[in-house]
Each structure stands twice: as structure tokens, then as C-alpha cells.
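Novice: Sequence isn't available, so here's the structure alone:
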């Protein structure tokens, strides 16, 4: 069982990140074409002159919107986690535990003695950020949240379902390289806290034991947020996702 638990800790990083790591490659060309079309669209002379003569002064709302898009780690307090940035909270049972601040820093390759400014710069340049991890030590069930940075021009047009489907082969290869054989992987809509999300359901076999995973993804600012639940119980992933609530 210890070997399987160690494997699960590896999979928490592999599955979530690999599901979205090629989103840019899959969609960039289409967005570039759209940008080219927009650039080539004739501009009315009056509009052009007006834009040249006017200066844009950021309003309070503009500044607040910009600040809202700046990532901030969620906060854990006892058995509760809350992220004001993502707009999500999670309450885990008594037999579960969250990774502490130091462990989250290690996942993000942040020095434990790093200053706030250094951490902010590290997060600003990071393509993937690990925000939360919780597990049940006795069952090895676990859940994690990470965020993948995407260009601002993709946020309003990104098709999460297509991102998932294009990554099925990569996810399967990643799991197999970690010692799991994939029995089934499929796109599904997953309801959490009364809201429907794009999701993926994965069933694997690890050392002769069935492993079940469900992952949801959604946009938040310039990030694609992934929540991944892992369990040895066929109904465990739904139970884990029920820990969450959305603002």
C-alpha cells in the first residue's frame, strides 16, 4: 500500500498538469488567425483619429479587475480551505489532512525562506501553480487543485472539452509511465455544488487495484483551474468533490 500511496502522490502532479499542458499548442494557431483577421479589418478614419486624440485613464473598476486577476494562494485553516482568487472552498473530513504551506511551496519549487517579493515573481512567471493538496492517509484518497496560465486572448474562446479530449493520449501515456494501466478515460460533465463543469473520468489499474479519478476544469482570469479527485472507491471521487463549494 505504501508503494501505491507514493505512486498517487506522483500522479497528482502528472494527471492534472498533463491534461492541459498542450492547450496552447492546440489552440494558438486558431487564435492567431482570428487576431490577424481583426488586425486586417478596416478602421473608420473618425474612429482612428478619435483613438489617437484620446488618452485612456484607468478607472477604479479597471484597477480592481486587474488586481483580481493576480494569483494568490488559497488559505487552509484546520479542515477548511478557501481561495478568494478562484472563488472556491473545501471542507475535508476529520480523517483527511491538507498539505501545509511548506509542502505547497516545495510543489511549486519555491524556497522555504523566500521573501514575499520573490514568491510573487516566481508565481508571476510560473506556467503551472499548485494551490492545494489534501489526502486521507489510511485510504490514500486525495484531491488537488492546480492552475495553468493561459494567454488572455484565449480565455474567452478556450473550449475546455476539446482541451480534455485532445489530451487523452497524453494522460494515458503519463499514467502508464507511472505504473498504471488505463482501463477507461472519457469526457463527462460533472456537477459540483449545483454547477456543471467540463470533466474527465479515468479508471486505471495500479498493482492489481482499481484507481478512480475525476477531474474538472474551468477558466479563472488568465488561468485554467483543475480540481482532481482520486480514490480507490468507485464512488469515492463523487464524495470527494462534494467537499467543495463555489461562490
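Specialist: The structure has been received and is ready for your questions. Bear in mind that the values here come from a model prediction, so they are computed numbers and not experimental data.

Novice: What segments of the protein are helices?
Specialist: Shown for the chain, the helices assigned by DSSP state H span residues 2-20, 23-40, 45-53, 60-68, 101-107, 116-125, 160-166, 168-177, 236-241.

Novice: I'd like to know which of the ones you listed has the weakest mean confidence.
Specialist: For these, mean pLDDT drops lowest on helix 23-40, to a mean of 39.

Novice: what's the neighbour count on residue 195?
Specialist: 12 (other Cβ atoms under 10 Å). For glycine as for every other residue, the C-beta is placed from the backbone atoms N, C-alpha and C.

Novice: Wait, residue 80 touches residue 93, no?
Specialist: No. Taking Cβ atoms under 8 Å as the definition, residue 80 is not a contact partner of residue 93, at 11.6 Å.

Novice: which residues sit in contact with the nearest residue to residue 219 once chain neighbours are set aside?
Specialist: Spatial nearest neighbour of residue 219, chain neighbours left out: residue 155 (5.5 Å); criterion: Cβ to Cβ, 6 or more residues apart in numbering. Residue 155 makes contacts with 219, 221, 222, as judged by Cβ atoms under 8 Å, 6 or more residues apart in numbering.

Novice: Nearest to residue 233 among the residues you listed?
Specialist: residue 219 (30.1 Å; Cβ to Cβ).

Novice: Looking at the contacts of residue 155, which one is closest to residue 150?
Specialist: Once Cβ to Cβ is applied, the member of the contacts of residue 155 that ends up nearest residue 150 is residue 222, at 6.1 Å.
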